[in-house]
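Student: from the sequence below, what's the structure:
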Amino acid sequence: MSQTRLTSHTPVSSATMSTVEIQERPIDTILSITPTAAAKIRELMDEEPDGDTMVLRVAIQGGGCSGFQYGLGFDSAPAEGDLEISLEGVNVVIDPFSIPYLQGATIDFLTGLQESGFKIDNPNAASSCGCGHSFQVEEGAEGETAPDANVGGCGSGCSH
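Tutor: The predicted structure follows:
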């Protein structure tokens, strides 16, 4: 399966949130994509040789100085067990581990002076790293450990 990564310059809101409880939601509210983000995703897919058959994979990965980080990238097809949804004309796949952590999240694309790139606003993030590239959920909110958890540095120069 070929994958192309989309980089996210500011994937998590830097505001600290109060206690958050992860709740089950209907499939259509697990994740949303703004029209601006969808247009940018489609534009990037159009630049790929097989872009018309690709899907956007959204995932939570272990790592970063706060414990979790986002993974956005193009994939050739869904994997077994993936949730498949269509949002704003973009075919999206989410692995079963990531679903609870993404419920209610919104993917946006910013083009401002202060921030530019993909940004994920996630109501499940109890706190985030100072650089905004990783996040934490409330302790006990989810019993599993992120695959390939590598706590201790987000790789973007942040020393938190």
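Student: my read: Glu88 touches Ile33, true?
Tutor: Yes - with contact defined as Cβ atoms under 8 Å, Glu88 counts as touching Ile33 (4.8 Å). (C-beta placed from N, C-alpha, C; glycine too.)
Student: these two: who's more crowded?
Tutor: In this view Glu88 and Ile33 are compared by other Cβ atoms under 10 Å, and Ile33 has more residues nearby, 24 against 16.
Student: who is the more buried one paired with across the strands?
Tutor: Ile107 (DSSP bridges).
Student: when you give positions from now on, start the count at 47
Tutor: I'll keep to 47 as the first residue from here, and by that count the last item is Ile79.
Student: was I right to think it contacts Ile153?
Tutor: Yes - with contact defined as Cβ under 8 Å, Ile79 reaches Ile153; the gap is 4.8 Å.
Student: quick one: contacts of the helix ranked longest in the chain?
Tutor: For the chain, the helix with the greatest residue count under DSSP state H is helix 81-92. Contacts with helix 81-92, where a contact means Cβ atoms under 8 Å, 6 or more residues apart in numbering, come from 52, 79, 97-98, 100, 102, 120, 133-136, 153-155, 164.
Student: which regions of the chain sit below the pLDDT cut-off?
Tutor: 47-74, 110-112, 173-206 (pLDDT under 70).
Student: tell me where the protein has helices.
Tutor: Counting by DSSP H, the chain has helices at residues 81-92, 145-148.
Student: can I get these in a markdown table with mean neighbour count and distance to Gly113?
Tutor: A markdown table is the format used below for these (neighbours: other Cβ atoms under 10 Å; distance: least, Cβ to Cβ, whole Å):
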| stretch | mean neighbour count | distance to Gly113 |
| --- | --- | --- |
| helix 81-92 | 16 | 25 |
| helix 145-148 | 21 | 11 |
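Student: thank you kindly, that will do.
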